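**Q** I would like to see how this sequence folds:
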Amino acid sequence: MVSLQGTVEEIIFKNESNGYIVAVIETEDDIVTIVGCIPIINIGDTLNVQGEWDYHSKFGQQLKVQSYEKIQPTTTSGIEKYLASGLIPGIGPKMAKKIVEHFGEDALDVLQYSPDKITQIQGIGKKKAEKISQAFAEQRNLKNIIMFLQKHNITTGYAVKIYKQYGEEAVAILKENPYQLTETIHGIGFKLADNIATNMGIDKTSIYRISAGIKYVIMNHSSSGHTYVPKEELIAKSSELLTVNTELVEEGITSLAINQEIKLEISDKDTRVYYMPFYIAEMNVSKKIIELSRAKVDNIDIDIDKEIASIQDNEKFYFAVKQKEAIKQAIKNGFMVLTGGPGTGKTTTINSIIKIFEECKKTVLLAAPTGRAAKRMSEATNKEAKTIHRLLEYGYIDDDVAMSFAKNDEEPLICDVLIVDEVSMVDILLMNNLLKAILVGTRVILVGDVDQLPSVGPGNVLRDIIDSDIVKVVKLDEIFRQARESMIVVNAHRINKGEHPLVNVKDKDFFFMTRDNTNHISDTILELCTKRLPKYNGYDTLKDIQILTPMKKGDVGVNMLNTRLQSVINPYSKDKPEKKHADVIYRVGDKVMQIKNNYKIKWKINNFGKITEGEGIFNGDFGYIVDIDDEDSTITIVFDENKRVKYKYNQLDELRLAYATTIHKSQGSEFPVVIIPISWGPPMLLTRNLLYTAVTRSKELVVLVGIKKYMNIMIENNRIKTRYSSLKDRIKGLFELFMNDNV
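**A** Residues are numbered from 1 along each chain as shown. Sure, this is the predicted structure:
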């Protein structure tokens with residue numbers, strides 16, 4: 001361990017969000033570059049740092065700081081440099097010089113203990129003195145709090161977040177209940193908070209600890225799609241996690257229920273424990289579905305059979321029986337579900353429904369859960385489709401602190417018809433927010449393939465609505481002649497029925513390449529992307545070909561495939577700027593994906609000199625890195641061909657390399673060519689609906705590469721993981737109450 005003391009001469013880089021810095025300090029006999037988390041650093045600071053030497057290929061020898069201590073400067077030159085650094089608003093170089101000339105080595109003591117005295121300096125009045133004093137105190141508090149938190153093994157990055165959340169009350173709040181960090185600081189979960197609490201000496205039977213552990217178990221279940229946990233299961237898992245007896249857990253559950261943080265509901269089979277927002281969402285969704293489905297809608301006075309015949313004549317095709325039924329039911333009902341697999345005519349049906357409503361002067365809004373799905377819907381309908389979040393105007397409201405939906409039951413959507421696509425991806429919380437914003441009397445048409453993967457978030461919304469047998473559902477099941485010519489469509493339906501796909505049919509679009517291990521699978525995927533497919537049909541490696549894999553880890557998981565593909569498709573070059581973030585290198589030319597919705601990030605489009613600006617890049621959007629600027633600490637990415645966005649380095653957690661991505665992340669997207677590695681994996685990932693979802697993402701060509709027995713295992717594994725959800729039963733129960741009340 002190396003220990004050095006020196007004065008900060010230059011700050012080369014500083015990440016405001018986590019305190020990471022690259023700086024130069026001057027010691028008694030050397031100039032040293034230091035790197036690490038030192039959030040409260042300014043030019044002129046005197047630091048005592050401990051760390052290890054490291055050599056950077058670009059920047060040379062650096063000291064990686066593991067711990068540090070800030071030493072208050074004692075010389076007049078050091079104090080002047082410290083005050084002139086911009087640390088304290090209102091004090092620049094000239095004012096710093098005046099203060100030091102007047103108070104000498106006592107200047108910092110005056111600012112700390114007798115700030116009113118600085119009004120003796122010409123140019124500093126009472127108000128300015130108060131601001132300077134307050135800023136100096138905040139810096140001192142931040143330093144003290146971070147030093148306190150570091151003693152309890154809280155990293156500097158988290159310490160900065162905690163201080164920003166709680167201010168000077170941070171220490172007192174954490175001493176009382178460190179577990180509240182799990183609800184207020186992103187990235188701090190129960191286990192990290194529990195470690196902090198242990199370091200602070202919090203008793204393991206503390207009610208704060210018991211409550212936090214119970215909520216952790218509930219939320220852990222929600223990440224697997226559940227909206228509730230059976231009480232007995234919750235008690236057992238919480239007791240195991242907390243290593244306390246079940247009586248204490250039961251007391252904790254009762255306490256949380258009394259405080260209305262959770263909801264206990266007794267059913268015929270068990271007692272169900274809900275995180276309160278999930279319970280409220282299920283209740284609201286159920287009620288609103290009943291209201292919308294039973295409400296009278298305005299009469300549309302048209303001859304629907306004549307309209308259908310007219311569309312057929314104009315478009316030169318014939319509707320299937322179920323398509324005609326779907327059109328009629330959309331006109332007739334206030335709430336309807338349209339479902340069906342690929343090639344069954346959902347898009348044609350939707351377009352016809354839109355056409356009829358618009359001819360009747362009805363306002364139609366279109367939405368989908370992701371940016372990619374909304375873009376596909378727009379392309380298919382030639383109408384604007386928005387993400388559900390954008391439709392509901394999700395963003396900062398009033399105080400600019402918390403994000404919420406501007407459209408709700410008080411500010412509803414104004415339209416006659418709302419059509420929502422890819423509803424299998426919608427979880428219970430988002431569905432609740434969507435239905436809240438819909439006026440009773442509005443026609444709602446939900447569209448989706450119920451056999452695709454369910455939502456990442458809690459709930460099994462589309463399947464539960466269909467299985468309730470309360471609302472009108474039309475399932476398209478006839479594959480059209482043109483679609484039958486595609487083996488992609490044929491095999492998707494075969495897989496969905498548990499039948500093995502027809503592969504390697506001459507002049508068709510569905511292939512299986514047998515390889516006997518994961519190394520050979522990976523090598524073949526690289527060859528397909530870089531040589532065979534571009535040569536076969538001129539496919540663009542970056543824009544046309546997408547690798548979809550069931551898992552993140554392993555030789556054919558997302559992480560390893562992205563690393564290998566990047567090294568071949570976009571290798572290192574001294575002429576290509578790059579930026580390392582965590583364990584990933586981002587390089588100019590890389591294909592990347594946005595992995596979370598960012599409604600505030602700004603973009604520009606330059607269309608032959610005409611500049612269009614806007615906000616918002618969404619989960620699942622693909623882009624390409626076109627510039628990396630170390631001086632500006634930004635990466636510029638182009639989305640959708642010409643939408644340019646600048647990401648600060650501290651925003652890179654929102655991005656991932658995207659040569660390969662998980663099948664889950666591909667939902668709502670479509671690609672010309674899909675390559676799917678097939679190998680061993682956990683049984684929960686080798687499922688029929690996962691393979692079905694991957695295959696249906698392709699428009700032109702599917703290539704499976706791997707071991708055939710695992711494809712067979714996936715097809716035969718139709719175990720759809722049970723999700724604890726009461727939505728289906730709740731819809732049924734409320735409908736019965738509604739009917740009884742109206743008898």
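**Q** can you dump the C-alpha atoms of stretch 15-28 in PDB for me?
**A** The C-alpha atoms that make up stretch 15-28 are tabulated as PDB, following Å, rounded to 0.1, in the frame of the first residue of the first chain:
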ATOM      1  CA  ASN A  15     -18.000  12.300 -12.300                       C
ATOM      2  CA  GLU A  16     -20.500  14.200 -10.200                       C
ATOM      3  CA  SER A  17     -22.900  11.300  -9.700                       C
ATOM      4  CA  ASN A  18     -20.400   8.900  -8.000                       C
ATOM      5  CA  GLY A  19     -17.400  11.100  -7.100                       C
ATOM      6  CA  TYR A  20     -14.900   9.300  -9.400                       C
ATOM      7  CA  ILE A  21     -12.000  11.600 -10.300                       C
ATOM      8  CA  VAL A  22      -8.800  11.700 -12.300                       C
ATOM      9  CA  ALA A  23      -6.600  14.400 -10.700                       C
ATOM     10  CA  VAL A  24      -3.000  15.600 -10.400                       C
ATOM     11  CA  ILE A  25      -1.400  16.200  -7.000                       C
ATOM     12  CA  GLU A  26       1.900  17.700  -6.100                       C
ATOM     13  CA  THR A  27       3.900  16.000  -3.300                       C
ATOM     14  CA  GLU A  28       7.100  17.300  -1.800                       C
END
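**Q** check which residues of that stretch are buried.
**A** Using 16 or more other C-beta atoms under 10 Å as the test for burial, stretch 15-28 gives 15, 18-25. Every C-beta, even on glycine, is put in place using the N, C-alpha and C of the backbone.
**Q** so residue 356 makes contact with residue 302?
**A** Yes: counting by C-beta atoms under 8 Å, residue 356 touches residue 302, with 7.3 Å between them.
**Q** residues that sit against both of the two, list them.
**A** Here residue 356 and residue 302 have residue 331 as joint contacts, going by C-beta atoms under 8 Å, 6 or more residues apart in numbering.
**Q** what ranges does the stretch 501-650 of the chain have for its strands?
**A** Applying DSSP state E, counting those that start in this stretch to the stretch 501-650 of the chain gives strands spanning 510-514, 545-549, 578-581, 584-587, 591-594, 598-607, 610-617, 622-629, 634-639, 643-648.
**Q** one more: the stretch 101-250 of the chain?
**A** Along the stretch 101-250 of the chain, counting by DSSP E, counting those that start in this stretch, strands occupy 228-230.
**Q** least confident of the buried residues of stretch 15-28?
**A** pLDDT is lowest at residue 18 among these; the value there is 64.
**Q** returning to what we had before: output the strands of the stretch 501-650 of the chain as a markdown table; include the columns mean neighbour count and mean pLDDT.
**A** Formatted as a markdown table, the strands of the stretch 501-650 of the chain follow (neighbours: other C-beta atoms under 10 Å; pLDDT from 0 to 100):
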| stretch | mean neighbour count | mean pLDDT |
| --- | --- | --- |
| strand 510-514 | 18 | 96 |
| strand 545-549 | 26 | 97 |
| strand 578-581 | 15 | 88 |
| strand 584-587 | 19 | 93 |
| strand 591-594 | 23 | 94 |
| strand 598-607 | 14 | 83 |
| strand 610-617 | 13 | 83 |
| strand 622-629 | 18 | 93 |
| strand 634-639 | 20 | 93 |
| strand 643-648 | 19 | 92 |
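**Q** could you identify the longest helix within the protein?
**A** As assigned by DSSP state H, the longest helix anywhere in the chain is helix 126-151.
**Q** average pLDDT for that one?
**A** pLDDT averaged over helix 126-151 gives 76.
**Q** now for it, which elements pack on it?
**A** Applying 3 or more C-beta pairs under 8 Å, 6 or more residues apart in numbering; DSSP states H and E, one finds that helix 126-151 makes contact with strand 60-71, helix 107-113, helix 156-166, helix 170-176.
**Q** which of the ones you listed sits most buried?
**A** helix 156-166 (a mean of 20; mean count of other C-beta atoms under 10 Å).
**Q** mind putting the helices and strands packed on helix 126-151 in a markdown table, distance to residue 688 and mean pLDDT included?
**A** Formatted as a markdown table, those follow (distance: least, C-beta to C-beta, whole Å; pLDDT from 0 to 100):
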| stretch | distance to residue 688 | mean pLDDT |
| --- | --- | --- |
| strand 60-71 | 49 | 84 |
| helix 107-113 | 68 | 83 |
| helix 156-166 | 42 | 76 |
| helix 170-176 | 48 | 84 |
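**Q** the residue nearest the centre of the chain: what's it in contact with?
**A** Closest residue to the average C-alpha location of the chain: residue 596 at 3.1 Å, with C-alpha atoms, centre = their mean. Residue 596 makes contact with 619, 654, according to C-beta under 8 Å, 6+ apart.
**Q** which residues of the stretch 401-550 of the chain score low on pLDDT?
**A** 401-402, 481, 483 (pLDDT under 70).
**Q** if we can go back for a sec, among the buried residues of stretch 15-28, which lie within helices?
**A** With helices taken from DSSP H, there is no overlap with the buried residues of stretch 15-28.
**Q** and for the closest residue in space to residue 126 that isn't next to it in sequence, the neighbour number?
**A** In this structure, residue 126 finds its nearest non-sequential neighbour in residue 119, 6.1 Å apart by C-beta to C-beta, 6 or more residues apart in numbering. Counted with other C-beta atoms under 10 Å, residues neighbouring residue 119 total 15.
**Q** OK, contacts around residue 119?
**A** Applying C-beta under 8 Å, 6+ apart, we find residue 119 in contact with 125-126, 129.
**Q** all helices for the stretch 201-350 of the chain, in order.
**A** Per DSSP state H, counting those that start in this stretch, the stretch 201-350 of the chain carries helices over the ranges 207-222, 231-242, 246-258, 276-294, 304-315, 321-332, 346-359.
**Q** nearest to residue 35, out of those helices?
**A** Proximity to residue 35 (C-beta to C-beta) singles out helix 207-222 among the helices of the stretch 201-350 of the chain, at 34.2 Å.
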